[in-house]
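Peer 1: sequence plus predicted model, see below.
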Amino acid sequence: MPATAADLARTAAAVTLNGEGWRQVAELFLALALSAAIGLEREMRQKNAGLRTHTLVGVGAALFMLISKYGFTDVIEQYRIVLDPSRVAAQIVSGIGFLGAGLIFVRRDSVRGLTTAASIWVTAAIGAAAGAGLLVIAALTTGIYFIIALAFPLATRRLPHSATAISALRVTYPDGKGILRNLLAEATARGFAIDDIATESAGRQAGSGGRRLVEVTLHVHGRQPVNDLATALSELEGVDAVLAADANAVDE
């Protein structure tokens, strides 16, 4: 039996009642696009939380906001129940906090994953903004994220270095060749003071019968850029790998 005009009107009214429509679809896809853009940047940097994680967080936050705004309108109309959509936004913040905490871990006195956890937190906020219909703010915040992620590291490299700021150098080399002595000599020759030394096993070199690898962590400070020291150490004979960073924030 063909639908009458009254049936179509009731269907349209039901769609309007629960808030579903092309606007909500657009808001969800905007959250998808913006969160995927942030995730792509993290993926290119080979971080633990990359494209899929950030996209899921952004889309999920947007969906929660859409549910909060439009998912209970039939209940409110029928039973006159008052709901506060902002409560969902507050729960998104606390829920993402647990997810971000899982990305942060401490190794000795170094903290890793802080920037990745913060990017997850911001992505959830962008998704929530898109779901709430704040499209301009969501897009603007995404642009601000890229300024922070791409431009700020370039700016921080140009800042003057403190002579007392401690940096961490992790150097991997084969055991039993006296390389540590050469590392210490090179560092002191370049005017760096060594505050602490720690060593641990790093497996073996590739291939059968490979030598046992050792990773030594040097906490140093000096007036010269620590990256210059890292470059010099990496050129020493026998050194396998060198990683240099701030001792309190080794990874983004």
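Peer 2: Thanks, I have it.
Peer 1: could you pull out the helices in this structure for me?
Peer 2: For the chain, the helices defined by DSSP state H occupy 5-18, 22-44, 51-70, 73-79, 86-101, 114-131, 135-146, 152-157, 179-189, 226-234.
Peer 1: deepest-packed of the ones you listed, please.
Peer 2: helix 114-131 (a mean of 24; mean count of other CB atoms under 10 Å). C-beta here means a position set from N, CA and C on the backbone, and glycine is covered the same way.
Peer 1: what packs against it?
Peer 2: helix 22-44, helix 51-70, helix 86-101, helix 135-146 (3 or more CB pairs under 8 Å, 6 or more residues apart in numbering; DSSP states H and E).
Peer 1: my understanding was that Ala124 contacts Ile92; is that so?
Peer 2: Yes. Between Ala124 and Ile92 a contact is recorded at 5.7 Å, counting by CB atoms under 8 Å.
Peer 1: below-threshold pLDDT in this protein: ranges please.
Peer 2: The chain contains residues with pLDDT under 70 at 1-19, 72-83, 85, 103-112, 157, 159-165, 205-210, 245-252.
Peer 1: what domains does the record give for it?
Peer 2: Following automatic domain parsing, one gets these domains for the chain: 5-157, 167-246.
Peer 1: any residues in contact with both of Ala124 and Ile92?
Peer 2: Listed contacts common to Ala124 and Ile92 are Ala61; contacts here mean CB atoms under 8 Å, 6 or more residues apart in numbering.
Peer 1: I'd assumed Leu169 was in contact with Asp196.
Peer 2: No. Using CB under 8 Å, Asp196 makes no contact with Leu169, being 10.9 Å away.
Peer 1: mind listing the shared neighbours of the two?
Peer 2: Thr217, Leu218, His219.
Peer 1: give me the nearest residue to the second one, chain neighbours excluded.
Peer 2: The reference is to Leu218. What sits nearest to Leu218 in space, not counting adjacent residues and going by CB to CB, 6 or more residues apart in numbering, is Leu169, at 4.4 Å.
Peer 1: what's across from that neighbour in the sheet?
Peer 2: Applying DSSP bridges to Leu169 gives these bridge partners: Leu218, Ala244.
Peer 1: which neighbouring elements make contact with the strand ranked longest in the chain?
Peer 2: Secondary structure assigned by DSSP state E gives strand 193-204 as the longest strand of the chain. When contacts are defined as 3+ CB pairs under 8 Å, 6+ apart, strand 193-204 packs onto helix 179-189, strand 212-221.
Peer 1: mind doing that once more with 10 Å?
Peer 2: On a contact count with 3 or more CB pairs under 10 Å, 6 or more residues apart in numbering; DSSP states H and E, strand 193-204 meets strand 167-174, helix 179-189, strand 212-221.
Peer 1: touching that strand from outside, list them.
Peer 2: 108-109, 163-164, 166-175, 180, 183-184, 187-188, 210-222, 240-241, 247 (CB atoms under 10 Å, 6 or more residues apart in numbering).
Peer 1: that strand pairs with which strands, and in what direction?
Peer 2: Strand 193-204 sits in its sheet next to strand 212-221 (antiparallel), going by DSSP bridges.
Peer 1: buried residues, the strand it pairs with. List them.
Peer 2: Across strand 212-221, burial judged by 16 or more other CB atoms under 10 Å covers Leu213, Val214, Glu215, Val216, Thr217, Leu218, His219, Val220, His221.
Peer 1: that one to helix 226-234, inter-axis angle?
Peer 2: Inter-element angle recorded for strand 212-221 and helix 226-234: 150 degrees (by axes from the mean of the first three to the mean of the last three CA atoms, to 10 degrees).
Peer 1: export strand 212-221 as CSV, just CAs?
Peer 2: The C-alpha trace of strand 212-221 is given here as CSV (Å, rounded to 0.1, in the frame of the first residue of the first chain):
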residue,chain,number,x,y,z
ARG,A,212,76.3,-8.7,23.0
LEU,A,213,75.1,-5.1,22.8
VAL,A,214,75.2,-2.7,25.7
GLU,A,215,73.1,0.5,26.0
VAL,A,216,74.6,3.1,28.2
THR,A,217,72.6,6.2,29.3
LEU,A,218,74.7,9.3,29.9
HIS,A,219,73.1,12.3,31.7
VAL,A,220,75.2,15.3,30.7
HIS,A,221,75.1,19.0,30.7
